[in-house]
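sequence plus the predicted model coming up.
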Amino acid sequence: MNFIRDHTMYATIFGFFAFVWFGWAQENPRPEWRWWLAILSVVALGIAIWGGILSVYHWHDASALSEGKNFVWYLIFFYAELLFAVIGIILLVYLKQMSWTVVWVSAVVAIHFIALAFVFQDSGLFILAAAMLLVTLLAHPIATYFQVANSAITGIGNGSLLIIFAVRGLILFFQAG
C-alpha cells in the first residue's frame, strides 16, 4: 500500500478508536491503571487529531478506496461488521451476559481487518487482525487473573494495538512524502 491519504486516515481512525478502547477499559480496571489509561487516551486522541489535520491537507491524494470496487467492498464490510456486532450485542443482552459484549465486539472488529487488508492492499492489517484476535482470546483469562472487567484487558490490548498502527500510519505517511 502506498496511498498517502490512507496513511493519514490510519492515524486518524486508529488513533480515535484507540481512544475509544482505552475509554472502554475504564469500566473496571485496577485503580492504579487509571492514570495510565488516561495518559494513553490523551496520546491516542492527539494522534487522531494530528492524522485528521494531515488528512485534510491530503484529502485529494490517492486512496485504495478510489481503485476499482474497493469503496463498495469497504462499505459492505463496514455494514456487515456493524450488523454482526449489533446482533451479537442484542443476543448477549437477551442472555444477560453483558460482560462478554466487549469480547464479542473485539472479535468482530478483528475479523473485519482481515477483509480490509484486501480492500486497502495492506498485509499489515492481517497482523492487526491476528493480534486483536489474540487479545480477544486472552482477555477473559487475564481479566480473571487480575480481577478486573473483561473490558479492562480488551480495551488496554486493543487500544495499544491501535495506537501502534496509528503511529505506523504516520510513519508510512512521512516515508512516502
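Sure, I can see it.

name the helices or strands packed onto the helix of greatest length in the chain?
Counting residues, the longest helix found in the chain (DSSP state H) is helix 150-176. Judged by 3 or more C-beta pairs under 8 Å, 6 or more residues apart in numbering; DSSP states H and E, the packing partners of helix 150-176 are helix 4-24, helix 34-57, helix 101-119, helix 124-146. Glycine gets a C-beta too; all of them are placed from N, C-alpha and C.

list the buried ones in the last one?
Along helix 124-146, these residues count as buried under the neighbour rule (16 or more other C-beta atoms under 10 Å): 124-125, 127-129, 131-133, 135-136, 139-140, 142-143.

quick one: contacts of that helix?
With contact meaning C-beta atoms under 8 Å, 6 or more residues apart in numbering, helix 124-146 is reached by 1, 30, 102-103, 106-107, 109-111, 113-114, 116-117, 149-150, 152-154, 157-158, 161-162, 165, 168.

what about burial for these, which qualify?
1, 102-103, 106-107, 109-111, 113, 116-117, 149-150, 152-154, 157-158, 161-162, 165, 168.

so which of the helices and strands packed on helix 150-176 is nearest Ser66?
helix 4-24 (8.9 Å; C-beta to C-beta).

tell me what angle that closest one forms with helix 124-146.
10 degrees (axes from the mean of the first three to the mean of the last three C-alpha atoms, to 10 degrees).

distance from the chain centre to stretch 63-73, please.
Offset of stretch 63-73 from its chain centre (C-alpha atoms, centre = their mean, to the nearest Å): 20 Å.

ok, now stretch 69-76?
19 Å.

neighbours around Ile39, how many?
11 (other C-beta atoms under 10 Å).

got the contact list for it?
Here Ile39 is in contact with no residue (C-beta under 8 Å, 6+ apart).

for Ile163, see how far away it is.
11 Å (C-beta to C-beta, to the nearest Å).

ends of stretch 60-71, what's the gap?
15 Å (C-alpha to C-alpha, to the nearest Å).

roughly how far is the longest helix of the chain from the heart of the chain?
7 Å.
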